[in-house]
Each structure stands twice: as C-alpha cells, then as structure tokens.
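Student: Mind folding the following:
(one chain, ligands or ions: 2)
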Amino acid sequence: MAKLKTTFFCQNCGSQYSKWQGQCTACKEWNTITEEVIQKPEKSDWKTPDSSAKRSSKPLLINEIDASKEARLDTQDDEFNRVLGGGLVPGSLTLLGGEPGIGKSTLLLQISLKLPYKTLYVSGEESQKQIKMRAERINANTSNCYILTETKTQNIFKQIESLEPDIVVIDSIQTLHSDYIESSSGSISQIKECTTELIKFAKETATPVILIGHITKDGNIAGPKILEHMVDTVLQFEGDRNHVFRILRANKNRFGSTNELGIYEMQGSGLREVSNPSELLISQKDDDLSGNAIAATLEGMRPLMIEVQALVSTAVYGTPQRSATGFNAKRLNMLLAVLEKRAGFRLGAKDVFLNITGGITVDDPAIDLAVVAAILSSNEDVSLQKDFCFAAEIGLSGEVRPVQRVEQRILEAEKLGFATIFVSKYNKISLKNTQIKIQLISKIEDVVDLII
Ligand code: TYD
Ligand code: MG
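Tutor: Numbering: from 1, shown residues only. Ligands and ions are numbered 1, 2, ... in the order given. Sure thing, here's the model as predicted:
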C-alpha cells in the first residue's frame, strides 16, 4: 500500500509545514500545528477533468467589458440585499459566520424559502425532517427550495448537476468532506479543498454559493484565515443571544460597501427584518425617568437612535463601582474624570452604572454626549426632556467635538419626532428648513446649563 501523504498545518492561520514545530512561524501561535493526511488527487475538478483548460481567458480593454450582465439576484430580503450591496452576484461565494445558535441556519433557510429561484439548501448538520420542522416554524411557502443532507462534496456536485439550481446554500463548510483529501471534516486541508471545489463550481457555472462558517471562541471564522481571502464576501451575524436583535454586517465585500448593516429581530416564527430600528430601541417614551438620554449614533452607514441609561448613587463600599454594558468602561471613566475636572461634579465617591438598552454595543464616539447627559440626569435626579437627543464626542479638556455625518443623524432624529438635538458648534451643518431645533454647544459646561 502506498504511504499516506501527510503534511502539517497551523490550525490558526493555515500555514503549511513539512515537519512539526511548536510555534507557527507565520502567526506566532503556539501548539497550533497538527498533522493532516492529504492525498493529492489526480484531478480535483468539480465536474469534468480539465474543464478549465478549455476556457482560457483573454485580455479585454476595460471599456469593452460589459458590466451590465452582472445583474444581481434579488434575495427578497431587504436587509440581506442591503448588506450584500444590492443582491447576490452570479458566481460569487459568500461566507456567513456567527456564534452557534445566533440564527445563521434560520436566516439562510428563511431566505432560501422566499427566493423565487431554484435553490438547493445542503445541510450537513441537520436531517431533512429537522429542516422541514424549522421551515414550518418560519412559515414560508415555496416550491422552489430543495433540501439535501449530504457532506461529501462529490455527491453534492452530482446532485447539483442533475438539479441545476440557481443558488446553492451550504450549512456548514466545516461539515463538508472531499474524497480527494484524507483528513477529517473541519480540518484545515478539508476546508481549503472543499472551498476550492466550490469556488471552481461557482465561477464556472455563475451560480452564487452561500456558505455558513462556524466561528472559534475568539470570534474568528474557524479554519484558516485564507478561507476569508478565498471567498468574495464575508458576512458576520452577531447579536446577544439573550436579546432579540441580530445584526448582519459585511467584514469583506468585493461587490459593495462594508459599511452597510442589516438588522433583524428573532421571533418565534423566524427572523423579521427591522426596517426602522430606532423605534424599537427607544423604550419607555411616556415615563419621566431620570438617567435616560437618547443618542443619535451611526452603525455603519445607518443612523440609529439608542437609549443610554445611567445610575449614579452613593458608593456603599470604599471603592466606588463603575460598570458599563454595551459601552467601553475605560471611556466611561474618562468621561467621569472630565465631568469632575471640567464641570465640577464630585463623582469620585459615587457608584456609576451605565447601560445601553437593546443589548447592543456602541463604538461610535458620538454617544459621549448622551452618556454625559444620562449621568448628569441621574446624579441630579431630574429627568431630561423626552424630546432631547444628543450627538457629539467629548474631548479630554471638556470640549464638545464634531462627529461624522451629523446631518444624517439630525434628519433621523427629526423623522422620529425629536424636538431638539445637541451637537457640537464645530460641526458644519448646511441643512435648511428643519423642524428640529439644532442646539450648538462647545463646552461640557454648556450642556449642564441647558439640560438641567
Ligand atoms: P440556528 O439558526 O439554528 O442557529 P445557528 O445555525 O447559527 O447555530 O438558530 C438558533 C436559535 O434560533 C435557536 O436557539 C432558536 C431560535 N429560533 C427562534 O427563536 N425562532 C425560530 O423561528 C427559529 C427557527 C429559531
Ligand atoms: Mg446551524
């Protein structure tokens, strides 16, 4: 019997070595190199051997290339389309990553069921019965979606050949297995080989393929980093499992912007597209509560009004506690120090708790002013006017700094019926005929006078 061919792969970055070593030279991780059995196939074509040799590409002048043929396939899901940049591009490979249980299978099954095209949903994780049960929960009716439970790529391609689907969904790439490689499913060499076969299939038949990918505990897509280089689009599905909101964003997109964002709400009957997230994120609009402030933030390109809640109370223990959910705790400490030094609030002996409602995490610095307003409101125990909202960054010397795309934020606030928005004096605003009052401020002290 011929000796099995083996090679060593770093499980973190996918680098290949001829012998074992303790540390990966490429990514500097320790103990990530493992041996995998590979057996080079005679031909690893998905369909006919040598089909690529027949169709060799010819250089064309850029003006001669007809881009209009690249019509995108409408997925019937506005949020998904938006993140993709207008729909699926024929022949593209899209990778959808996300934590277990976040709803990747639900999202893609739901989209497959709604599609007006012939779709093949290949699952290596669940049986056809289980998928049918899930489909019944989602309650979509279609006759175009075929379900296949199979993990061997050669068998999948055989089915694809007879079915000729317009779109193929694979759940998940880690469960696939190719005969050309000996090692087990989910290993680096298998993931690489299966993805290569799928890319070849997608490009040669102009069929879009969507892959589901598991992520590791540090949030990267399991498998080699090159997997992300190989595909055209990498989407990330994220959210807090205990909250209903799910956010879909593109980490890489060869055919569109990575600034777009899709928002869904997980319901008993699947995922619902949320076209107006601000309305859902702002909770009790009727009660007068101290410690609440609304921030006009941006997630990607999308304006999003979110609620900041603060609780300031006298510290019971010697060391005051500071805790922040959905907001950077270090930044909270910085803002408290600025309030103390520049506006004379003695918060050093107070416990401060901060919470962003809806279970989302905000990185946008424009939330600073709302955080400060919420803290002041809780500290003084006076509620802010309900139709106030804020969009500005705060600097170390207490200056109120301009933020990007302020006009978009102002228009969103106006649309949702806010009466006043507080922004930095240094923001250039050329909006005319707005109903909303634009309150310009330059120092943190001004805020104190205006809101309390
Ligand atoms: P799933 O799509 O299986 O997650 P993934 O493929 O990312 O691992 O979805 C998991 C969760 O979604 C599951 O815990 C139950 C919940 N869910 C609903 O709340 N409503 C539904 O209609 C469906 C189908 C799932
Ligand atoms: Mg799943």
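
Student: Can you tell me which helices and strands the helix or strand where Lys129 lies packs against?
Tutor: Secondary-structure element containing Lys129, defined by DSSP states H and E: helix 128-138. Using 3 or more C-beta pairs under 8 Å, 6 or more residues apart in numbering; DSSP states H and E, the elements in contact with helix 128-138 are helix 104-114, strand 145-149. The C-beta positions use only the backbone N, C-alpha and C, and glycine is treated the same way.

Student: Could you point out which of the ones you listed sits nearest Leu271?
Tutor: Relative to Leu271, the nearest member of those by C-beta to C-beta is helix 104-114, separated by 5.6 Å.

Student: and the angle for that closest one with helix 128-138?
Tutor: 80 degrees (axes from the mean of the first three to the mean of the last three C-alpha atoms, to 10 degrees).

Student: ok, Gly398 touching Asp446?
Tutor: No. Counting by C-beta atoms under 8 Å, Gly398 stays clear of Asp446, with 9.8 Å between them.

Student: picking up where we left off before, dump the helices and strands packed on helix 128-138 into CSV; add mean pLDDT and distance to ligand 1 as well.
Tutor: Putting those into CSV (pLDDT from 0 to 100; distance: least, C-beta to the nearest ligand atom, whole Å) gives the following:
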stretch, mean pLDDT, distance to ligand 1
helix 104-114, 92, 3
strand 145-149, 93, 15
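
Student: deepest of those, which one?
Tutor: Ranked by mean neighbour count, those are led by helix 104-114 with a mean of 23 (mean count of other C-beta atoms under 10 Å).

Student: for that helix, packing partners?
Tutor: strand 93-98, strand 119-123, helix 128-138, strand 167-171, strand 209-214, strand 270-273.

Student: strands paired with the second one, and their directions?
Tutor: Within its sheet, and counting by DSSP bridges, strand 119-123 is paired with strand 145-149 (parallel), strand 167-171 (parallel).

Student: May I have the last one exported as CSV, CA atoms only?
Tutor: Taking Å, rounded to 0.1, in the frame of the first residue of the first chain, the C-alpha atoms of strand 167-171 are listed here in CSV:
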residue,chain,number,x,y,z
ILE,A,167,-28.4,29.3,-5.9
VAL,A,168,-26.6,26.8,-3.5
VAL,A,169,-26.5,27.2,0.3
ILE,A,170,-24.1,25.1,2.3
ASP,A,171,-24.7,24.6,6.0
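
Student: where do the helices sit along the stretch 251-400 of the chain?
Tutor: Using DSSP state H, counting those that start in this stretch, the helices of the stretch 251-400 of the chain run over residues 277-281, 329-343, 368-380.

Student: Out of the ones you listed, point me to the one whose mean pLDDT is lowest.
Tutor: Among these, helix 277-281 carries the lowest mean pLDDT, a mean of 73.

Student: Could you list the buried residues of stretch 403-413?
Tutor: 403, 406-407, 409-413 (16 or more other C-beta atoms under 10 Å).

Student: Please work out which residues outside it touch it.
Tutor: If you take C-beta atoms under 8 Å, 6 or more residues apart in numbering as the criterion, stretch 403-413 is touched by 278, 296-298, 303-305, 364-366, 389, 391-393, 421, 423-424, 427, 429-431, 434, 436, 438.

Student: could you give me the average pLDDT of that stretch?
Tutor: Stretch 403-413 comes out at a mean pLDDT of 91.
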